[in-house]
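Novice: model this:
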Amino acid sequence: MVLSSSMIVTVIGLASLLAVRVQRRSMQMTNDTAEARLCAQSAIELGLLYVQDQNWRSTWANGTWLSDQPLGSGRFSLEGIDPRDNDLSDSEDDPVLLTGTGMKGTAVHKVQITLVPTVKPLESLNTCLHSRDDIHIAKGDQLTVDGAPVSANDTLDNDGTIDGDAEAGRIASQGSITGTLTVPAPSKAMPDSDIINDYINKATWIPYTATIENKVLTPTHNPWGWANSEGVYYIYTHNSNLTIKNSRIHGTLIVNTGAGRLTLEDAVFMQSYRSYYPVLIVEGRARIQCDGDVLSETSCDTNYNPSWAPYLGQSDDDKLDEYPNEIQGLVHVTQTLELENNTRIRGTVICHDDVHCEDQVTITHDPSLCVHPPEGYIFIEGVHVSPGSCKQVVD
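Specialist: Got it, this is the predicted structure:
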């Protein structure tokens, strides 16, 4: 009995020692796992710090950024990868996949997040009219801007009246301004020069004729050939002048005038087919001198909503309808722009050169251009964590 009791006590003692060892190893593994997790999280936080540098895409190559770095009693590694093309430096539009790996003892923990570009609209989209150079309002005439200011990076020369707010780098002549005048105003960035080529690559070419009159151009109808399902059309004038009048255009029209000039006159109703495309891009000089309140089928003896080109889903065979005599959307001109008569634009006008306004011009801002900017009319302001992308990963 004594011997049996001694053996039982011995077994209990050995079992207790073994349980303590197992418990100690378990606690050690738990501690190592927790420290590995903290090391992985620290690696991600360090990566978030690195991408605050505006040159980070050229500083850090695609792949491993840091390897086996000591942190406390653990170690960590950091990896940054472009999941699209494995090249972080080729485009600011590409996301980056950050993977932080923490290690302590035999414990390994990996955390991964996706960073995506922070896209913002060009500040010029928050204006009715913006010029990189000068804006001049003729004596006795008026420019009305509603919902946003008229803006010039350089000089505002107002010999007439601006009904609304105005911003400029400097003032040559203040004239009459009914709203708030901001001088000097911060310079606003202009669209990238590659934008026009990007749209031309999407376009269907239209042969040049000196005058386009009484025409309907839509994604479903092109009087000169194949229709473009995106409504994007391109005309090269061979350095000659082009006049468009008494026509309805539903889409994006790109005109390269070279040494010539584009003129929109009489009545023209233009609206973009895709909300994220401009309505008119002019690579060259432009004059918009539309007159009258409406585009009238009766006056022009033209049906502007035939069955192959409906308006607001409606079509007919008569010549009794009327349409707004205005341009709706973003207008982008690379050289001098003249706005005359009672031209009406509902959107934003961006010009790289001087703008001259005469008579009674009205521009009403469309705030949707800032909420959903047209393709290419944006800038990248760093990156941010894609919602829901933070996760633990395993090999």
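Novice: assign residue 6 to helix, strand or coil.
Specialist: helix (DSSP: H, G, I helix; E, B strand; the rest coil).
Novice: relative to residue 18, how far out is it?
Specialist: Using Cβ to Cβ, to the nearest Å, residue 6 is found at 19 Å from residue 18. In short, each C-beta sits where N, CA and C put it, glycine included.
Novice: likewise residue 194?
Specialist: For residue 194, the distance to residue 18 - Cβ to Cβ - is 72 Å.
Novice: what do you get for residue 232?
Specialist: 77 Å.
Novice: please identify which of these two sits among more neighbours.
Specialist: In this view residue 232 and residue 18 are compared by other Cβ atoms under 10 Å, and residue 232 has more residues nearby, 23 against 10.
Novice: ok, what's across the strand from that one?
Specialist: Beta bridges link residue 232 to residue 252 when assigned by DSSP bridges.
Novice: cool, residue 286 as well?
Specialist: residue 262, residue 337.
Novice: now do residue 357
Specialist: Beta-bridge partners, per DSSP bridges, of residue 357: residue 137, residue 339.
Novice: wait, it touches residue 134, no?
Specialist: No: between residue 357 and residue 134 there is no contact under Cβ atoms under 8 Å: 11.3 Å.
Novice: hang on, residue 14 in a helix?
Specialist: Yes: secondary structure of residue 14 (three-state DSSP): part of a helix.
Novice: that one and residue 285, how far apart?
Specialist: Counting by Cβ to Cβ - residue 14 and residue 285 are separated by 97 Å.
Novice: what of residue 74?
Specialist: 66 Å.
Novice: and for residue 170?
Specialist: Taken as Cβ to Cβ, the span from residue 170 to residue 285 is 24 Å.
Novice: same question, residue 367
Specialist: 29 Å.
Novice: for this structure, which spans come out with low pLDDT?
Specialist: 16-17, 19-20, 22-26 (pLDDT under 70).
Novice: could you chop it up by domain?
Specialist: Following automatic domain parsing, one gets these domains for the chain: 31-121+381-393, 123-376.
Novice: which residue packs closest to residue 289, ignoring adjacent ones?
Specialist: residue 340 (3.9 Å; Cβ to Cβ, 6 or more residues apart in numbering).
Novice: list the contacts of the one you found.
Specialist: Residue 340 makes contact with 287-289, 357-359, 361 under the criterion Cβ atoms under 8 Å, 6 or more residues apart in numbering.
Novice: if we take those, which one ends up nearest to residue 78?
Specialist: residue 288 (54.2 Å; Cβ to Cβ).
Novice: a strand runs through that closest one, doesn't it?
Specialist: Yes: judged by three-state DSSP, residue 288 forms part of a strand.
Novice: neighbours of residue 239, just the number please.
Specialist: 11.
Novice: mind listing what it touches?
Specialist: Counting by Cβ under 8 Å, 6+ apart, the residues that residue 239 touches are 257-260.
Novice: and if you look at residue 289?
Specialist: Here residue 289 is in contact with 263-265, 338-341, 343 (criterion: Cβ under 8 Å, 6+ apart).
Novice: alpha carbons of the helix or strand hosting residue 117, as PDB, please.
Specialist: For residue 117, the host element (DSSP states H and E) is strand 107-121. Backbone C-alpha positions of strand 107-121 (Å, rounded to 0.1, in the frame of the first residue of the first chain) are rendered in PDB as follows:
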ATOM      1  CA  ALA A 107       5.300  32.000 -35.300                       C
ATOM      2  CA  VAL A 108       4.600  33.800 -38.600                       C
ATOM      3  CA  HIS A 109       1.700  36.300 -39.200                       C
ATOM      4  CA  LYS A 110       0.900  38.000 -42.500                       C
ATOM      5  CA  VAL A 111      -1.300  41.100 -43.000                       C
ATOM      6  CA  GLN A 112      -2.300  42.500 -46.400                       C
ATOM      7  CA  ILE A 113      -4.000  45.700 -47.500                       C
ATOM      8  CA  THR A 114      -4.700  47.300 -50.900                       C
ATOM      9  CA  LEU A 115      -4.000  51.000 -51.500                       C
ATOM     10  CA  VAL A 116      -5.800  52.700 -54.400                       C
ATOM     11  CA  PRO A 117      -5.300  56.100 -55.900                       C
ATOM     12  CA  THR A 118      -7.200  59.100 -54.400                       C
ATOM     13  CA  VAL A 119      -8.800  60.500 -57.500                       C
ATOM     14  CA  LYS A 120     -10.000  64.100 -57.500                       C
ATOM     15  CA  PRO A 121     -11.500  66.300 -60.300                       C
END
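Novice: partner strands of that strand and their direction?
Specialist: strand 96-104 (antiparallel), strand 378-385 (antiparallel), strand 391-393 (antiparallel).
Novice: the closest residue to residue 120 other than its chain neighbours: neighbouring residues, count only.
Specialist: Leaving aside its chain neighbours, residue 120 sits nearest to residue 381 (5.3 Å; criterion: Cβ to Cβ, 6+ apart). By other Cβ under 10 Å, the residues close to residue 381 number 12.
Novice: what separation do you get for residue 381 and residue 133?
Specialist: 25 Å.
Novice: and what of residue 215?
Specialist: Distance from residue 215 to residue 133, by Cβ to Cβ: 33 Å.
Novice: can you check residue 254 too?
Specialist: Residue 254 is 22 Å from residue 133, by Cβ to Cβ.
Novice: and these two? Which one has more around it.
Specialist: Applying other Cβ under 10 Å to residue 254 and residue 133 shows that residue 254 carries more neighbours, namely 23 against 15.
Novice: which residues are in contact with that one?
Specialist: Per Cβ under 8 Å, 6+ apart, neighbours of residue 254: 196, 199-200, 203, 232-235, 281-283.
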